[in-house]
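Undergrad: Sequence and predicted structure, then a few things I'm wondering about:
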There are 2 protein chains.
Amino acid sequence: MNPQRYQLDDLVQARAVAVVGASQDPTRIGGRPIAFLKDAGFAGAIYPVNAKYPEVQGLRAYADLDGVPGPVDVAIISVPARDVIAAVAACGRKGVKGAIVFSSGFAEVGAPGRAQQDDLARVAEQAGVRIIGPNCQGLVALHQRLNLSFSSAFIDPGAPGAVGLVVQSGAVGGMLAALLRERGVGFSYWISAGNEADVAVPECIEFFARDPETRIVGAYVESIRDGRRLLAAVAAARAAGKPVVILRAGRSAQSARAAASHTGAIAAEDTVTAALLAEAGATDARDVEELLDYVYTFARTPRPAGRRVGILSNSGGLGVIMADTCAELGLELPPLSASLQQELAAFLPAFGATGNPVDVTAQLLADATLLPRSLAVMLGSREIDVLVVMLGMVNRLYPVETIVDDLLRTRAETGKPVLVSWVAGSPEGAVAINAAGLPVFTDSTRCLKALAALLSLAGETRAPAPAAAAPRLGLHDIERLLGGSEPGPRDELLSKALLRAAGVRAVAERLVTSPEEAVAAADDLGYPVAVKVCAAALPHKSEHGLVRLGLTDAAAVARACADLRARLRAAMPSVPIRGLLVQQMAPRGIEMVIGAKRDPTFGPIVMAGLGGVFVEYMKDVAFGSAPVTHEQAFGMIRSLRAYPLLTGARGQAEADQDALAGAIVAISQLAVDGERHIREIDVNPLIVLPPGEGAVAVDGLVVVDALPATSLSARALLRER
Amino acid sequence: MNPQRYQLDDLVQARAVAVVGASQDPTRIGGRPIAFLKDAGFAGAIYPVNAKYPEVQGLRAYADLDGVPGPVDVAIISVPARDVIAAVAACGRKGVKGAIVFSSGFAEVGAPGRAQQDDLARVAEQAGVRIIGPNCQGLVALHQRLNLSFSSAFIDPGAPGAVGLVVQSGAVGGMLAALLRERGVGFSYWISAGNEADVAVPECIEFFARDPETRIVGAYVESIRDGRRLLAAVAAARAAGKPVVILRAGRSAQSARAAASHTGAIAAEDTVTAALLAEAGATDARDVEELLDYVYTFARTPRPAGRRVGILSNSGGLGVIMADTCAELGLELPPLSASLQQELAAFLPAFGATGNPVDVTAQLLADATLLPRSLAVMLGSREIDVLVVMLGMVNRLYPVETIVDDLLRTRAETGKPVLVSWVAGSPEGAVAINAAGLPVFTDSTRCLKALAALLSLAGETRAPAPAAAAPRLGLHDIERLLGGSEPGPRDELLSKALLRAAGVRAVAERLVTSPEEAVAAADDLGYPVAVKVCAAALPHKSEHGLVRLGLTDAAAVARACADLRARLRAAMPSVPIRGLLVQQMAPRGIEMVIGAKRDPTFGPIVMAGLGGVFVEYMKDVAFGSAPVTHEQAFGMIRSLRAYPLLTGARGQAEADQDALAGAIVAISQLAVDGERHIREIDVNPLIVLPPGEGAVAVDGLVVVDALPATSLSARALLRER
């Protein structure tokens, strides 16, 4: 038994490795890691474990782990699924820090396998053994020459490098490894997480964040189990100055169906996941090519100091096409100053172009001075932060070595990133440019997408994630305001009382039970008023015709009460009704919808959008991981496409954005404080008044669905104490 | 002088070619076409024209064109700009049908060059000589072995094929030619249109549309001069069953700036151009790679009968990623039926997947029967119209010949298209699959984008463009209703009178000049009414506070009149006012904006969108080339993102879509009938009532700006007679 909980840091420093289920055949799953370790020149001990042979691949073999003479740091488990738990128990007895379980037949094959995997996780935890897998392709630590994988992608592991990659599919990971190595990009670590019985993607990213060899993080993710930990891990890596590129699969309904059959996991709602990961600082890759291109570019270039892009091409047409793509990607292509254009015009052909893109023309190939002179002017200027060199149809007659020399020299002199787009040129040219350590693309749009990803890192210094906010409401307050923890929707009065306690302003209102009380309440509140049915069972009052608006005198109020009662009696006689709400009519303003929910993956999240069609048809909604800060709430507001409507555009009154942000903050904090009980909060509409006048909730709904304490995050539990 | 106007058909059948400015050096501009023609085995006569030599590249040379003994069909002009006009005049004397002008120094170098180009066009027209260029890289007719280019891309022209390509940049065209040839795709024609002094892109597409050798049309366009002719040419090609792929450059403001410096042309508004080209049936390519991929795929596959996509992969993860991309591209990936899944499950490994994507698993490489059996089941079914075969990391050990055989056989047996995505596999494998005539991609997203382009052609039969609609209003009616042709905005009363005459219903209204008249008008129209200032100089009345709405009695009307008069006197005493308009208040309904304008490139166009923020912030607008048919108007309406609001969603009343379409048709027809005078029509809002109740214009504005007759299209002139 081992009381200590080991980290990946411990595993990758292994000095002794056992392979349980070792094979004589170096091409089989149980044989490959032994061959790989020997090929890589691993300096530590390798102990094949296999009762059938005295020797495996020239090494002394042992009948069981207990019989291995020295200590063992890491064990590879490559035995049938039914024998895995016993093998892990043996690891515990031996003091093994981590077991890498290649064996399949666990959660990926359905319910019985899932149960077996849960058993495995429990046994491993009790034994103090960390598990990678099961159903994984292993871990490769290239700087340590520790190749604990059977992926054929690592037959030639390539030189170690700065990329830490973690994948939830060994096959996809193998392809990524092969394709990156083909481009000369080296790994620090490659981790196939498999079914994640224990070590999961977030923990790997946390490890990459603190590992000094890793400068760039990549991840392939099919399912996110602990969304909050993932967000925190991404934020930690970004705070350490490391970009994190994440390729998520299973974003759409149809692909989630495929992913479910592939990994047995359910995908979270994509827009929410995408928004939260972006906010945490992850770079989103939408396919294998984007992940490759981004990691490759980050590995190959210095970070740009700013976002101003220059394009230099040998074809005016290609320059214009690239400028179009830049516009589509939101990349800024500033026109060059008159003086810089004069400098260029002094030596460029008259039919070239000196704006931006700069067209050196096809003369580039005839006059070898044009490229270096143009490079010096453009990269040497203060007007450009990064340069794309677009070279079309450069054939074997123009020596690519001079291009490489020119590019490397100017890059070194200016410290600015240079990306090369090599279209319809000789294949050897692209190979030579890549071999020189410059990022080169044979697809100009992929080049510009990689540039866009690079620029998203430009000049950015990401602060570490803020410390948890202090709760505003205690659990007992919330339980009291909710009228207990019975599941289901709360009526409008209760819901708004809770919202008010959380700091959200709401329209003044009175609960009444007779027309006479209603009129008295209206007289008191001041006309016009609204009268609504107040019933927990009827959260969608308007759709049932249970709301009367704009009542301007006592008679109208009395009539409205009679109407609503008649309607209730006729249509829903058995629904329990708490009474009628008499409310001040809200002043005119901009209608927003603010919501929060407890997401199964990410915990409490908050959303905001303009009311009505904007949310429903335009999907113009912003998300944040709750609680959000005031600044983050502002960021959410500004990210809306309809944001100009809040700034006084279209003759609309300007809106009190500060109050709106305050409401978002308060609702997000309520979602966190009440995480144990509150499944959903819906404020619709929140009327945002002109600056200085605040924002007021007209309707509110809180839905309770208590979580067992075991489902709460550690942070939430801590908060509740 | 030649009275006949020759067509491209005449030029490409040339039996005798003269090269004016012929060079001895086969690598120089004036020498290359001679070398190319000889290399290609051109069977006709080649006449070098150069006073300096008796012989050029082994052929008898002539001092001038007049001295050439036989007839000459086509002349290449490769002389300094100042000598081009004389050379073209000589062509006229000689009865040359077409001159291909390589020479630069015309519109691309600015105003003096532009003037010289206009002179060239005039001389050529008088001489009856068609011009390609100037500043072009020529024309290649591969089936005729007629290589009239100096582009180094045609040093090896490749085998003739079915792709007709026309380009406005010879450099981009050369790259496209090289890249397509590298993929084994052959051209019927390659035309570098240069500055388009005469022959322009639309005429080339018309030629490709009727040419029997051309099955696929590609175009690279930097500026569109005659937009209507381009749309008609695209429609003609599509009606002939030929896809038309267009790569447009200069879409954005920043790239248009670059394009302007490159070609001297101004780009049309991109959203309009994109919408009209799509409506005409063009396939939009956004970069060089898309154009290549689409043309390649169209050349390599049969047209699919439907849009149901199947994916077969050897990696579950890659399948899921592709399913994501399919969802993003709007491609339908139907789940396979239970019986088909059973058929697959019978032989696939248990850890595979039989839904869609089908995951054959990495076992594919170990068991050579898995691929052919899966192909037979999937392509043989009635559930899939097209199949993507995603093969990851297929190495040299698995014989690619068997993959090729399996794919070709199944494709032949089923007639269904198959696209291959070959990721991280051996480069030779991709080459072999391509060589077998199958479309293969090493980038899975490019594969799926090409598939999306292919599916946009699926099962489609495009009717030829409809015949021109009969005018509803004659020119004289329009002039009368506009109160003459003086330029500027018309007041609301005049504007709506014209709209009513054109068939657009508008709210009932009376022009009044005193409060008493106003009250009488309101009594007559029925309350509530609106009162507005009617003045041509004040088209934006509301913004000036010159509108009073919802007046419910005579006193309110009188008060409104007094208010408006006071306001006018105070704020704009010198603006000429026609009077006040008393209008019925429009019933409640959905507010639309319908507009039309005379586009400099495309002539009259019509636009429609939902009122307010939808148009302004969401850019949710549909465009049509006027006049539109009722069916086209419906298509515009349905293409709006906010379309659900017209169908009764969100508790909105359903809208009279038929009446809305009718209004769009009527406004589009008015824009065409009044093309000579009307620059702009703006109906904002048009209130669309519930089905059967129609649609009614509440405000309308017509702006006049008379065109000289010479600027009208031939069709417009014809209509006016």
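TA: Arrived safely. Numbering: from 1, shown residues only, chains lettered A, B, ... in the order given.
Undergrad: A:Ala521 should be in a helix, yeah?
TA: Yes - residue state for A:Ala521 (DSSP: H, G, I helix; E, B strand; the rest coil) corresponds to a helix.
Undergrad: residues contacting it?
TA: A:510, A:512, A:529, A:582 (Cβ atoms under 8 Å, 6 or more residues apart in numbering or on different chains). To be clear about C-beta, it is placed using only N, CA and C from the backbone, and glycine gets the same treatment.
Undergrad: Kindly indicate the member of the residues you listed with the most neighbours.
TA: Among the contacts of A:Ala521, A:Val529 has the most neighbours (other Cβ atoms under 10 Å in any protein chain shown), with 30 neighbours.
Undergrad: returning to what we had before: of the contacts of A:Ala521, which pair is most distant in space?
TA: Pairwise distances across those peak at 10.9 Å for A:Val512 and A:Val529 (criterion: Cβ to Cβ).
Undergrad: list residues touching both of the two?
TA: Here A:Val512 and A:Val529 have A:521, A:582 as joint contacts, going by Cβ under 8 Å, 6+ apart.
Undergrad: Counting only helices, which of the contacts of A:Ala521 make the cut?
TA: Under the assignment DSSP state H, those contribute nothing to helices.
Undergrad: could these go into JSON lines alongside distance to chain B and pLDDT?
TA: As requested, these are exported to JSON lines (distance: Cβ to the nearest Cβ, whole Å; pLDDT from 0 to 100):
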{"residue": "A:Arg510", "distance to chain B": "28", "pLDDT": "96"}
{"residue": "A:Val512", "distance to chain B": "27", "pLDDT": "96"}
{"residue": "A:Val529", "distance to chain B": "22", "pLDDT": "95"}
{"residue": "A:Val582", "distance to chain B": "24", "pLDDT": "97"}
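Undergrad: any idea which of the residues you listed is closest to A:Val96?
TA: A:Arg510 (68.6 Å).
Undergrad: Does the closest one touch A:Asp523 like I think?
TA: No - using Cβ atoms under 8 Å, A:Arg510 makes no contact with A:Asp523, being 10.6 Å away.
Undergrad: Residues that sit against both of those two, list them.
TA: With Cβ under 8 Å, 6+ apart, A:Arg510 and A:Asp523 have no common neighbours.
Undergrad: Quick one: neighbours of the closest residue to A:Asn50 other than its chain neighbours, just the number.
TA: Spatial nearest neighbour of A:Asn50, excluding adjacent residues (Cβ to Cβ, 6 or more residues apart in numbering or on different chains): A:Ala22 at 4.6 Å. The tally of other residues near A:Ala22 (other Cβ under 10 Å) stands at 26.
Undergrad: can I assume A:Ala22 is in contact with A:Ala35?
TA: No - under the criterion of Cβ under 8 Å, A:Ala22 is not in contact with A:Ala35, lying 10.7 Å apart.
Undergrad: any idea which residue of chain A is furthest from its center?
TA: Here chain A reaches farthest from its C-alpha mean at A:Ala555, the gap being 56.4 Å by Cα atoms, centre = their mean.
Undergrad: what sits against the most centrally placed residue in chain A?
TA: With distances taken as Cα atoms, centre = their mean, A:Leu277 lies nearest the centre of chain A, 2.4 Å away. The contact partners of A:Leu277, taken as Cβ under 8 Å, 6+ apart, are A:230-231, A:234, A:246, A:248, A:284.
Undergrad: and if we set it to 10 Å?
TA: A:221, A:224, A:227, A:230-231, A:234, A:244, A:246, A:248, A:283-284, A:602, A:625 (Cβ atoms under 10 Å, 6 or more residues apart in numbering or on different chains).
Undergrad: Please narrow these to those residing in helices.
TA: Using DSSP H, the contacts of A:Leu277 in helices are A:227, A:230-231, A:234.
Undergrad: Mark which of these are buried, thanks.
TA: A:227, A:230-231, A:234 (16 or more other Cβ atoms under 10 Å in any protein chain shown).
Undergrad: where along the stretch 601-721 of chain A do the helices fall?
TA: For the stretch 601-721 of chain A, helices defined by DSSP state H, counting those that start in this stretch occupy the ranges A:613-616, A:630-638, A:657-673, A:714-720.
Undergrad: Low-confidence bits of chain A, can you list those?
TA: Scanning chain A for pLDDT under 70 picks out A:1-4, A:253-268, A:459-469, A:612-618, A:649-652, A:709-721.
Undergrad: 50 - rerun?
TA: Within chain A, the segments meeting pLDDT under 50 span A:1-2, A:261-268.
Undergrad: hey, where'd the strands end up in the stretch 501-650 of chain A?
TA: Secondary structure of the stretch 501-650 of chain A (DSSP state E, counting those that start in this stretch): strands at A:509-512, A:529-534, A:547-551, A:579-584, A:590-599, A:603-610, A:621-625.
Undergrad: on that earlier part again, give me the subset of the ones in helices among the contacts of A:Leu277 touching chain B.
TA: Residues of the ones in helices among the contacts of A:Leu277 in contact with chain B (Cβ under 10 Å from any Cβ of the partner chain): none.
Undergrad: before we move on, back to that, which of the buried ones among the ones in helices among the contacts of A:Leu277 sits closest to B:Gln168?
TA: Within those, proximity to B:Gln168 (Cβ to Cβ) peaks at A:Val234, which comes in at 45.6 Å.
Undergrad: OK, contacts around that closest one?
TA: When contacts are counted by Cβ under 10 Å, 6+ apart, A:Val234 touches A:202, A:205-206, A:209, A:217, A:219, A:242, A:244, A:246, A:276-283, A:462, A:465.
Undergrad: let's see 6 Å
TA: A:244, A:280-282 (Cβ atoms under 6 Å, 6 or more residues apart in numbering or on different chains).
Undergrad: can you check A:His630 too?
TA: A:661, A:665.
Undergrad: can you check A:Pro515 too?
TA: Contacts of A:Pro515 (Cβ under 6 Å, 6+ apart): A:558, A:561.
Undergrad: Ok, the one 4 residues further on next?
TA: A:Val519 sits next to A:554, A:557-558 when contact means Cβ under 6 Å, 6+ apart.
Undergrad: Among the residues you listed, which one is most surrounded by other residues?
TA: Counting neighbours by other Cβ under 10 Å, A:Val557 comes out on top of the contacts of A:Val519 with 27 neighbours.
Undergrad: tally of neighbours for the closest residue to A:Glu693 other than its chain neighbours?
TA: Nearest residue to A:Glu693, sequence neighbours excluded (Cβ to Cβ, 6+ apart): A:Asp656, at 5.7 Å. When neighbours are counted by other Cβ under 10 Å, A:Asp656 registers 21.
Undergrad: and if you look at A:Thr513?
TA: For A:Thr513, the count of nearby residues is 13 (other Cβ under 10 Å).
Undergrad: Quick check: the gap between it and A:Ala521.
TA: 11 Å (Cβ to Cβ, to the nearest Å).
Undergrad: For chain A, what lies in contact range of chain B?
TA: Taking Cβ under 6 Å from any Cβ of the partner chain as the criterion, the neighbours of chain B within chain A are A:169, A:171-172, A:175, A:178-179, A:249-252, A:254-255, A:258-259, A:261-262, A:287, A:289, A:315-317, A:319-321, A:323-325, A:327, A:333, A:353, A:355, A:357, A:392-393, A:424, A:443, A:445, A:617-618, A:642.
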